[in-house]
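Asker: what follows is a predicted protein model with its sequence.
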Amino acid sequence: MKGTMVPDAWDCYTKTVNGHRETSFRNVVLWEESDELPPSTWDDYLSQFEGAELAQRIAEREAELQEAREKRQESNAQRAKAACRWFIKANGLNELLTITYRENQEDRALCKLHFKEWVRRMKRALGGQFVYCASFERQERGAMHVHVACHKLPKHVQHKGAKIPAWRLGTEIWRAIVGKDNGLVFVGGRNRSGNRYTKPRSIAKIAAYVSKYIMKDYRDAPAESNRYSRSNKADGVQDLPKAEKARIWGATFEQMVELAFRLEDGDVVVSHRLTRDDWRGDRYWLVTEPVSPGGSHGIVH
């Protein structure tokens, strides 16, 4: 198959849920059969060569297969990132938690087991209601930690017969699993300097923060492993929105940007970016969300 990019044709996508909207478009690529027909099998192709040239062709083939595996792995991670982001938006998860180990616990599978048990106990402690979405990351020192989006915790909860601040609940449950003083659950994430970020974030920014670690971490994770963890249907979660699709012909990139940049009253611009590329085609992306009380936003319309 041979693909041809069409400079004045565009595939457009829009997703909306709970006042959140993502709009994007990119150049259309038309595919057609190529006249270049490969040999019927890989063995037929290799039969043309001998000695050093045969070894070279085999090495080239292995490199091609490895590149294809890496692209497939990246594509899977991109889909997981989008699903994670939209799950958080669809379910209104407005609290960000970070779970850490004090010890240098590097075992990813063990971290996932610890986290699964933490979720089970959190759900029980909160009366059966705990909807979450989480991604995993390996720190520079090697230890695993977890980024969690959930609904804002109540101010106080009953735990082991005592009334405690809810912010302590996550840490007490985590330490009961991983060992006394062997970890912490704190509200907020970290900024680009690595310092704790305690200012409230909007839902869209929480979604972007948690989901970005899927792309940062996917090469380190086993290919067959889940890219992220989230609540299931039994917890009453909302379905993910489906994209509305359209194809527009005969428009310039500038005309498309003018058409796509649409803001309703109260919309907040979370992200707005474009890419111009003569070879891969032009791309555009706009992310907006509704104003939320106490959240850190971008530009308000």
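Answerer: Sure thing, it's come through.

Asker: tell me the bridge partners for residue 249.
Answerer: residue 9 (DSSP bridges).

Asker: residue 8 is in contact with that one, correct?
Answerer: Yes: between residue 249 and residue 8 there is a contact under Cβ atoms under 8 Å: 6.9 Å. C-betas here are computed from N, CA, C, even on glycine.

Asker: show me which of those two is the more surrounded one.
Answerer: Per other Cβ atoms under 10 Å, whichever of residue 249 and residue 8 has more neighbours is residue 8, with 14 against 9.

Asker: low-scoring stretches of the stretch 51-200 of the chain, by residue?
Answerer: Applying pLDDT under 70 to the stretch 51-200 of the chain flags residues 189-198.

Asker: what about the strands in it?
Answerer: For the stretch 51-200 of the chain, the strands defined by DSSP state E, counting those that start in this stretch cover 95-100, 132-138, 144-150, 156-159, 162-165, 184-187, 189-190, 196-197.

Asker: among these, which is nearest residue 86?
Answerer: Across the strands of the stretch 51-200 of the chain, residue 86 has its closest neighbour in strand 132-138 (9.7 Å, Cβ to Cβ).

Asker: strand partners (parallel or antiparallel) of that closest one?
Answerer: Take DSSP bridges as the rule and strand 132-138 pairs in its sheet with strand 144-150 (antiparallel), strand 228-230 (antiparallel).

Asker: for residue 257, find the nearest of the ones you listed.
Answerer: Residue 257 sits nearest to strand 144-150 of all the strands paired with strand 132-138, at 30.8 Å, using Cβ to Cβ.

Asker: which other residues reach the closest one?
Answerer: Here strand 144-150 makes contact (Cβ atoms under 8 Å, 6 or more residues apart in numbering) with 88, 93, 95-101, 105-108, 111, 115, 130-139, 189, 206-207, 209-210, 213.

Asker: swap in 7 Å and give it another go.
Answerer: 88, 93, 95-101, 105-106, 108, 111, 115, 130-139, 189, 206-207, 209-210, 213 (Cβ atoms under 7 Å, 6 or more residues apart in numbering).

Asker: and the residues you listed, which of them are buried?
Answerer: 88, 93, 95-101, 105, 108, 111, 115, 130-138, 189, 206-207, 209-210, 213 (16 or more other Cβ atoms under 10 Å).

Asker: hmm, back to that, TSV for the strands paired with strand 132-138, including distance to residue 32?
Answerer: As requested, the strands paired with strand 132-138 are exported to TSV (distance: least, Cβ to Cβ, whole Å):
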stretch	distance to residue 32
strand 144-150	43
strand 228-230	37
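
Asker: and these: which comes nearest residue 261?
Answerer: strand 144-150 (27.8 Å).

Asker: buried set for the closest one?
Answerer: So strand 144-150, judged by 16+ other Cβ under 10 Å, has buried residues 144, 145, 146, 147, 148, 149, 150.

Asker: please name the nearest non-neighbouring residue to the second one.
Answerer: To tie it back to what came earlier, the one meant is residue 145. Nearest in space to residue 145, with sequence neighbours left out and distances taken as Cβ to Cβ, 6 or more residues apart in numbering, is residue 100 at 4.6 Å.

Asker: distance-wise, check the one you found relative to residue 137.
Answerer: 10 Å (Cβ to Cβ, to the nearest Å).

Asker: what's the answer for residue 20, then?
Answerer: Relative to residue 137, and taking Cβ to Cβ, residue 20 is found at 24 Å.

Asker: with residue 14 instead?
Answerer: 31 Å.

Asker: what residues of stretch 112-128 count as buried?
Answerer: By neighbour count on 16+ other Cβ under 10 Å, the buried set for stretch 112-128 is 112, 114, 115, 118, 119, 121, 122, 123, 125, 126.

Asker: what average pLDDT does the helix or strand containing residue 45 get?
Answerer: Under the criterion of DSSP states H and E, residue 45 resides in helix 42-46. The average pLDDT for helix 42-46 rounds to 82.

Asker: got the CA positions of it in CSV?
Answerer: C-alpha atoms of helix 42-46 as CSV (Å, rounded to 0.1, in the frame of the first residue of the first chain):
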residue,chain,number,x,y,z
TRP,A,42,10.4,-14.1,3.4
ASP,A,43,12.2,-17.3,2.5
ASP,A,44,11.8,-16.6,-1.2
TYR,A,45,13.4,-13.2,-0.7
LEU,A,46,16.3,-14.6,1.3
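
Asker: for residue 108, list the residues it contacts.
Answerer: Per Cβ under 7 Å, 6+ apart, neighbours of residue 108: 136, 144, 221.

Asker: grab the nearest non-local neighbour of residue 163.
Answerer: residue 156 is the one closest to residue 163 (Cβ to Cβ, 6+ apart), at 5.3 Å.
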